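Q: could you work out the structure for the sequence below:
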Amino acid sequence: MLYLGKQLTSRRFIGDPKLFSLEERIFNTVSLFVFISMCFEIPFNLYMGLMVSAFLSIFGLIFCAALYYLSRFKRKSKLGINLFCLLCNAAITGSYFYNSGINGPNFLMFLLVFFLSVSIIPKKNFKIWLPLNLLLVLSIIVIEYVYPELIPNVYTDELSKTIDFSFTYIIVGGLIYLVVSYIRKNYDYERVSALEKNIAIEEQKKELERLNSEKDKLFSIVSHDIRMPLNSIQGYLEMLSEHDLDEYEKEYLKQQLLQLTRDTSDMVLNILSWSKTQMEGSYVELEQLNVSEALKAGLNIEKNAAKRKGVDLVIKTDDNLTILADKNMLQLVIRNLVNNAIKFTQNGGLITLTTQRKGEDCCISIKDNGLGIEPEQQENLFKLKAISTYGTNNERGIGLGLLLCKEFTDLQGGKIWFERNTDKGSSFFLSFKLAN
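A: I've put the predicted structure just below:
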């Protein structure tokens, strides 16, 4: 019985808890259990000579199979539950009048129907089916009392009556046990699921609080780091307009203005791009891109910036590599990585951008021999850890570029990672699928 119960209550028979409500699963279980019990009732009633009960058991067998199909596969559980309650009461009433009435085991069956009804019907329908069951039982008792001749005694002797009562008790007790066990099992399942959901919600709450804290910190740094270069730009412009400066001083101020404007522009672009992904999500348009053409076309500004700083930017690309990527996103990621390399590489340094085939992927590397990244900072490179950073020429940054690179690379189905060079500086790598 226990093994059979476990087999029948598996998900493939009663339905997945994620798709079927508890009432639906209990009803599917009850339909299966009653179907199995009818398979035992039919030969028993035939053996006992209870032909009407045998006929009702055959009807119940077909009826439960139809209800199970209606609920499990057609998803019409409400209709199935109502039909089950209606026809079960009708069938037990018929059995009562043809199987010795109050002298037979019919009250056990009425009690079973009452229990099954309570187990499967929605709580709002209690006021319909429970009074109906009670009224039905009281009515037939009164009818038997007033018209006892309507109910024949079908037992030939006390032994047959004892056997019928015993077998009915076993069936009723077994069904009640299996249904209660299943309900308790599902109660434990629902309780554990609710506990796990609460834990997950708490974890999400903590993560949201952490992210909000990081965002607050980010915007605080952003407001400061944008205001500072704007104030410097304003100061330089006032000096140019209000003072007589020689050509050397003017050229110096122009270079400073240009650098400040570029740094501020890059910072604002990253902030706007990241803010858009957070609020609206990003639309990714993957297409076949020639890596060499896409990289060379997107790095004109960076080449000039490296040249002004005295840093060699060497681009070595394979002209035959074609990847699946979003052109704008790819160029933004590369520009950020190259800008970072320029920022942290001293005058006379070298930055090398290379592409090469690795199996079915294209690997893009940006390697520099600059300052490198401290070990304590490496763990949070691609996370929202807003920290003001300064390059070798005091170029400003807030660490948002690498987070943006990670998000945009993931959106394109690529990978990004970092390695510290064995000698000096650092290397960033991107990997994208080659186009067929």
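Q: and the closest residue to Glu287 other than its chain neighbours, how many residues sit next to it?
A: Spatially, and ignoring its direct neighbours in sequence, Glu287 is nearest to Lys327 (6.8 Å; C-beta to C-beta, 6 or more residues apart in numbering). (Each C-beta comes from the backbone N, C-alpha and C, glycine too.) As a burial measure, Lys327 scores 15 neighbours (other C-beta atoms under 10 Å).
Q: ok, now Leu299?
A: Using other C-beta under 10 Å, Leu299 has 20 neighbouring residues.
Q: sec struct for the residue lying closest to it once chain neighbours are set aside, please.
A: Excluding the flanking residues, the one nearest Leu299 by C-beta to C-beta, 6+ apart is Val338, at 6.3 Å. Recorded secondary structure, Val338: helix (DSSP: H, G, I helix; E, B strand; the rest coil).
Q: now Val338: how far from Gln331?
A: In this view, Val338 and Gln331 are 10 Å apart by C-beta to C-beta, to the nearest Å.
Q: now do the strands in this structure.
A: In the chain, the strands defined using DSSP state E lie at 287-290, 312-316, 322-325, 350-358, 361-368, 389-390, 396-397, 415-420, 426-433.
Q: which of these has the lowest average pLDDT?
A: Here the lowest mean pLDDT among the strands of the chain goes to strand 396-397, at a mean of 56.
Q: related to what we said a few turns ago, closest one to Ser265 among the strands of the chain?
A: Between Ser265 and the strands of the chain, the shortest gap by C-beta to C-beta is with strand 396-397, which sits at 11.6 Å.
Q: Ala54 is nearest to which of the strands of the chain?
A: Across the strands of the chain, closest to Ala54 is strand 426-433 (C-beta to C-beta), at 67.8 Å.
Q: buried ones in that closest one?
A: 426, 428, 430-433 (16 or more other C-beta atoms under 10 Å).
Q: what do you get for stretch 326-343?
A: 326, 329-343.
Q: ok, stretch 172-179 next?
A: 172, 174-176, 178-179.
Q: hey, which helix is longest across the chain?
A: helix 158-242 (DSSP state H).
Q: quickly list the domain ranges of this structure.
A: 2-203, 286-433 (automatic domain parsing).
Q: I'd like those laid out as JSON lines, including distance to Gln256.
A: Formatted as JSON lines, the domains of the chain follow (distance: least, C-beta to C-beta, whole Å):
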{"stretch": "domain 2-203", "distance to Gln256": "48"}
{"stretch": "domain 286-433", "distance to Gln256": "10"}
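Q: circling back: got TSV for the strands of the chain, with distance to Glu203 too?
A: Formatted as TSV, these follow (distance: least, C-beta to C-beta, whole Å):
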stretch	distance to Glu203
strand 287-290	38
strand 312-316	44
strand 322-325	33
strand 350-358	37
strand 361-368	34
strand 389-390	30
strand 396-397	31
strand 415-420	26
strand 426-433	30
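Q: who touches stretch 298-318?
A: 255, 262, 291-292, 295-296, 330-331, 334-335, 338-339, 342, 345-357, 393 (C-beta atoms under 8 Å, 6 or more residues apart in numbering).
Q: of the residues you listed, buried ones?
A: 262, 291-292, 295, 330-331, 334-335, 338-339, 342, 345, 349-353, 355.
Q: what about Tyr283, distance to Leu411?
A: Counting by C-beta to C-beta, the gap from Tyr283 to Leu411 is 9 Å.
Q: my error: substitute Phe27 in the last question.
A: Distance of Phe27 to Leu411, given as C-beta to C-beta: 45 Å.
Q: on that earlier part again, of Tyr283 and Leu411, who's got more company?
A: Leu411 (17 against 8).
Q: was I right about that one contacting Glu285?
A: No - counting by C-beta atoms under 8 Å, Leu411 sits too far from Glu285 to count as a contact (10.6 Å).
Q: next, show the common contact partners of these two.
A: Common neighbours of Leu411 and Glu285 (C-beta under 8 Å, 6+ apart) are Asp326.
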